[in-house]
Structures are given as structure tokens and as C-alpha cells.
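Please work out how this folds:
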Amino acid sequence: MAARPRNLQEARDRSRNNAELAWWVFMRVSGLFLVFLVFAHVFVNNIAINVATVDYNYVATRLAKPSVKVFDTFLLGLAMLHGVNGLRVVIGDNIRRPGLRFWVQVVLIVVSVGIFVAGVMTLWAFSYREMGDAIRDLTSGH
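Below is the predicted model of the structure:
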């Protein structure tokens, strides 16, 4: 098996088509961008606050903000796309039979889209503030 391209010129020389070259570039750019997104997420959720005080009220208040929903949706989408593309490459490298490779990739894409849709629905479809109020009412005995 040939060594993977290490720079853009090598990737251009070895690419069978422009789509593969675009995915090669995407993986490098998205990987770098994900590092910053994940560190920002960890900082906001684990370092900037006292983690011992995190409860449903904190999470509900945070997820009620549209900016947090947009950030988390972008983080989820970019991480899913990056990971699924990496798995697509691994499948292409290890499954030699074209028919089997095709169906494994179809299953990968269907499952990934389902997970992404469930994640986005979880972020956007619920009113976390109302759910938090209902939980506080239940726990306070009202």
C-alpha cells in the first residue's frame, strides 16, 4: 500500500478526482478547527465554572441560549462529518469487495445522519427552560 500524501502537492498528484482532493483538504482544515472548538467547549463547560455546581438548571439555562445551540450544532456537525469521512477512508482501505464496501458505507452514512438528526433535534426542539422549571417544581414538592 502506498504512503498517504503528506502535503497538498502530493495529494493533488495522487488524487483520482477533485472530490477526494477536497475531502483530503477538508480533513486537515476541519481537524485543526475542531481542536479549537473542543478546547472552547471544554473551557466553557469545565474550567470557567465550578463543575461541582453544574446541575440541570445550569444546563437548561445554557442550552436556552441560541448562540450555545448554534455552537453545539456546529461542533456536532463538524465532528460527525470529520469522523464519518475518516471511517469512509478506513472502509475503503480495508474492504476490498466493491459491493460490500458500498453497502457498509451506505449503513455508515444512514446511521451517521440519524445520529446527527437526533443530536440536532435534542438541541433545538426542546424548551430547556420549561423542562427545568418542571423538574424544579417536581423536586421542590409543588
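
longest helix anywhere in this structure?
Longest among the helix segments of the chain by residue count, using DSSP state H, is helix 66-94.

helices or strands next to it in the packing?
helix 18-42, helix 56-63, helix 98-124 (3 or more C-beta pairs under 8 Å, 6 or more residues apart in numbering; DSSP states H and E). The way it works is simple: take the backbone N, C-alpha and C, and place the C-beta from them, glycine included.

could I get those helices as CSV with mean pLDDT, distance to I91 and mean neighbour count?
What follows is the helices and strands packed on helix 66-94, written out as CSV (pLDDT from 0 to 100; distance: least, C-beta to C-beta, whole Å; neighbours: other C-beta atoms under 10 Å):
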stretch, mean pLDDT, distance to I91, mean neighbour count
helix 18-42, 90, 13, 13
helix 56-63, 82, 34, 16
helix 98-124, 95, 5, 13
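
Out of those helices, which is closest to R12?
helix 18-42 (6.2 Å; C-beta to C-beta).

by contact count, what packs against the closest one?
Where contact means 3+ C-beta pairs under 8 Å, 6+ apart, helix 18-42 is packed against helix 8-14, helix 66-94.

tilt between that helix and helix 66-94?
140 degrees (axes from the mean of the first three to the mean of the last three C-alpha atoms, to 10 degrees).

picking up where we left off before, same list (the helices and strands packed on helix 66-94) but as TSV, adding distance to L78.
Output for the helices and strands packed on helix 66-94, formatted as TSV (distance: least, C-beta to C-beta, whole Å):
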stretch	distance to L78
helix 18-42	6
helix 56-63	19
helix 98-124	11
